[in-house]
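Enquirer: Need coordinates for the following:
(one chain, ligands or ions: 1)
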Amino acid sequence: MKTNWWKSAVIYQIYPRSFKDSNGDGIGDLKGITSKLDYIAELGVDAIWLSPIYRSPMKDFGYDVSDYYDIDPVFGSMEDFDELLQKAHEKGIKVILDMVINHTSDQHPWFKESRSSRTNPKADWYIWVDGERGTPPNNWQSYFGGSAWNWDENRKQYYLCLFTKEQPDLNWRNPEVKKELFNVVKFWLDKGVDGFRFDVVNLYYKDTKLRNNPPKKKKSEIEFENYYNIFTKDRPETLLVVEELQELVDSYGDRVTIGEVATDLGVIQYFEYTKPGRLNLAFNFEFKDVRGFSARSFRDVVELTEKVFEDAAWPCYVLGNHDSPRFISRFSDGKHEEDRAKLLATMLLTLRGTPFIYMGEEIGMREGEIPFEKLQDPEGINLWPKRKGRDGCRTPMQWNDTEYAGFSEAEPWLPVNPDKDIVNVEKEQNDPKSILNYYKELLKLRKSSSALKLGEYIAVETDNPEVFAYLRTYGEEEKLVILNFNAETVKVRLGLSGSRELKPVFGTHDRKESLSLPIELAPFEAIIVE
Ligand code: NOJ
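Expert: Take a look at the predicted model:
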């Protein structure tokens, strides 16, 4: 049987506003992405996923769509998109779009009509509820702060917004809404895109009885986190519609679906959404929540994932994305940032599953420090200073050391990180020891190895708890990955006896000689052995 392309693929996430600006307005665009396709191809990834590019008032930077059938002028035109798709395909790069269909913008014609009266044909396209002004119907909270209910003076009713108040949640229980959203998906499939990342896919259906979410005992300063949000997500109907969506996408051949499952239930829930017949992949966000930097905490995530997924579903790991602080900064001890980043990159790209790289990770981009006056993200603006928001991971891609890092001719929409003189593509391309070249070499090795792409994962006992080691096997091919999370030199035998010779094929320390037991690992060393 032919293996689906996405199983062995590495997918590169682009946040279009921040990747490359081609027209000097300080905001990245589609032509900018097209101009960097060679860079993406040389990096060695198989597909790109673009955060939303549809027409949008940009209250949540594209995650508030006002027209699913058009490109926002800030990103370019439909011709620009067609050109990007064609050129990417010519270079063998697949293109995945973000499908944001839990909610629209309040400027979408559907919502404008819906809010115009209680009796118009789209009156029931969103979630409208009677109530008294000032007394929301229940305790449901918005992710970005405050009640999820907004009062509409015209209809004298509340409508639901789980994100900003300009992002009304659609009513998936209305068959016309569902049909129209399926048409959106079809439109882009017909255009030839290679798949979708479904935004907050587990939020589509809400409890019809509008039951209050049960409060948690432990209190957080973020109101949303004070509840088990069980009545606003993971309703049983969602899984049924996911199966229908998958059926539709499957009818177009080998495309991919990836779910953003926003859950507190972790691995179990990622599995639920990717069981046979459901989505192909669901991001495993557990590395984002790892606190501390230890072999055990990363190994625990992988072991649990392996146990839950077995052969029934395919894992999908990420270290970061456009919603979370840059992983290199998150795991920094102030001294070994790059060593730790290379170690984690080695893990990400050698585990069983489809890895996603968030743009800039491959050059070691750090979290940007954005002062309140410069904040753009509604989450940061609403929750400041409790939360800083997500602008820090959305700063412009650093292409070179010029004033705006080669991202734009004009002042960018978010400040460029001050480290752009040291951390940038141009400089790193010329430095054999750079993190960029490390990623490239590692991706090359992965591409050439069936074991790393598709092989089984077998945990290896280590005699040091701070070493994470595993085998990847495929037919005759075997690769052993050894990762030292220690800041010190350690010796490991990996449960092997005798005097075996192990041949290193890749690693952080450029080893040429065969390794003999016990293996002495340098601080934060990663080795892949044949
Ligand atoms: C998840 C997206 O990743 C995030 O950026 C966005 O704000 C929300 N969904 C709402 O669409």
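Enquirer: just how off-centre is the one helix or strand Glu42 maps to within its chain?
Expert: For Glu42, the host element (DSSP states H and E) is helix 37-43. Helix 37-43 sits 20 Å away from the centroid of its parent chain (C-alpha atoms, centre = their mean, to the nearest Å).
Enquirer: Counting neighbours, what do you get for Val242?
Expert: 25 (other C-beta atoms under 10 Å). No exception for glycine: its C-beta is placed from N, CA and C like everyone else's.
Enquirer: Could you do Phe187 as well?
Expert: 12.
Enquirer: what about it, which SS state?
Expert: Counting by DSSP: H, G, I helix; E, B strand; the rest coil, the backbone at Phe187 sits in helix.
Enquirer: That one and the ligand, how far apart?
Expert: 20 Å (C-beta to the nearest ligand atom, to the nearest Å).
Enquirer: Phi first, then psi, for Lys440.
Expert: Torsion angles at Lys440 (phi, psi; degrees, to the nearest 10) stand at phi -60, psi -50.
Enquirer: Same question for Ile268.
Expert: Per degrees, to the nearest 10, the backbone of Ile268 is at phi -60, psi -40.
Enquirer: Surely it is in contact with Val308?
Expert: Yes. Contact criterion C-beta atoms under 8 Å: Ile268 and Val308 qualify, at 6.2 Å.
Enquirer: Between these two, point out the one with more neighbours.
Expert: A side-by-side neighbour count of Ile268 and Val308, using other C-beta under 10 Å, places Val308 first with 17 against 10.
Enquirer: residues in contact with that one?
Expert: Counting by C-beta atoms under 8 Å, 6 or more residues apart in numbering, Val308 makes contact with 267-268, 271.
Enquirer: Out of the residues you listed, flag the one nearest to Ile101.
Expert: Phe271 (22.6 Å; C-beta to C-beta).
Enquirer: Looks to me like the closest one is in a helix.
Expert: Yes. Per three-state DSSP, Phe271 lies within a helix segment.
Enquirer: where's the residue lying closest to it once chain neighbours are set aside relative to the ligand, distance?
Expert: Excluding its sequence neighbours, the residue lying closest to Phe271 (C-beta to C-beta, 6 or more residues apart in numbering) is Val308, at 4.9 Å. From Val308 across to the ligand, the span is 23 Å (C-beta to the nearest ligand atom).
Enquirer: now Val308, what's its secondary structure?
Expert: helix.
Enquirer: For the helix or strand bottoming out on mean pLDDT in the chain, which strands pair with it and how are they oriented?
Expert: Sorting the helices and strands of the chain by mean pLDDT, DSSP states H and E puts strand 501-502 at the bottom, at a mean of 86. According to DSSP bridges, strand 501-502 has the following sheet partners: strand 515-516 (antiparallel).
Enquirer: Starting from the strand it pairs with, tell me the next helix or strand along the chain.
Expert: strand 519-521.
Enquirer: Which strands or helices does that next one pack on?
Expert: strand 477-484, strand 490-492 (3 or more C-beta pairs under 8 Å, 6 or more residues apart in numbering; DSSP states H and E).
Enquirer: Residues in contact with the first one: which ones?
Expert: Counting by C-beta under 8 Å, 6+ apart, strand 477-484 makes contact with 295, 343, 346-347, 350, 449-452, 455, 460, 466-473, 490, 492, 494, 502, 505, 519, 521-530, all of which sit outside it.
Enquirer: May I have it as PDB, with CA atoms only?
Expert: What follows is strand 477-484, C-alpha atoms only, in PDB (Å, rounded to 0.1, in the frame of the first residue of the first chain):
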ATOM      1  CA  GLU A 477      17.500  -0.200   8.700                       C
ATOM      2  CA  GLU A 478      18.100   0.900  12.300                       C
ATOM      3  CA  LYS A 479      19.000   4.300  13.700                       C
ATOM      4  CA  LEU A 480      19.700   5.000  17.300                       C
ATOM      5  CA  VAL A 481      19.100   8.500  18.600                       C
ATOM      6  CA  ILE A 482      20.900   9.500  21.800                       C
ATOM      7  CA  LEU A 483      20.100  12.800  23.500                       C
ATOM      8  CA  ASN A 484      22.000  14.100  26.500                       C
END
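Enquirer: gap between it and the chain center?
Expert: 26 Å.
Enquirer: Check which residues of that strand are buried.
Expert: Residues 479-484 are the ones in strand 477-484 that count as buried (16 or more other C-beta atoms under 10 Å).
Enquirer: next one: the shortest one
Expert: Using 16+ other C-beta under 10 Å as the burial criterion, the residues of strand 490-492 that qualify are 490, 492.
Enquirer: which stretches of the chain have low pLDDT?
Expert: 1 (pLDDT under 70).
Enquirer: Would you tell me which residues of it are close to the ligand?
Expert: 60, 63, 100, 163, 199-200, 260, 322-323 (C-beta under 6 Å from any ligand atom).
Enquirer: Arrange those residues in JSON lines, one row each, with neighbour count and secondary structure as further columns.
Expert: Below are these laid out as JSON lines (neighbours: other C-beta atoms under 10 Å; DSSP: H, G, I helix; E, B strand; the rest coil):
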{"residue": "Asp60", "neighbour count": "21", "secondary structure": "coil"}
{"residue": "Tyr63", "neighbour count": "24", "secondary structure": "coil"}
{"residue": "Val100", "neighbour count": "26", "secondary structure": "coil"}
{"residue": "Phe163", "neighbour count": "23", "secondary structure": "coil"}
{"residue": "Asp199", "neighbour count": "20", "secondary structure": "coil"}
{"residue": "Val200", "neighbour count": "20", "secondary structure": "coil"}
{"residue": "Glu260", "neighbour count": "22", "secondary structure": "coil"}
{"residue": "His322", "neighbour count": "19", "secondary structure": "coil"}
{"residue": "Asp323", "neighbour count": "19", "secondary structure": "coil"}
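Enquirer: which residues touch whichever residue of the stretch 51-200 of the chain sits closest to the ligand?
Expert: Nearest residue of the stretch 51-200 of the chain to the ligand (C-beta to the nearest ligand atom) works out as Tyr63 at 3.4 Å. Tyr63 makes contacts with 51-52, 56, 98, 100, 163, 167, 199, as judged by C-beta under 8 Å, 6+ apart.
Enquirer: go on, Pro378?
Expert: Applying C-beta under 8 Å, 6+ apart to Pro378 gives the contacts 59-60, 144, 163-164, 389.
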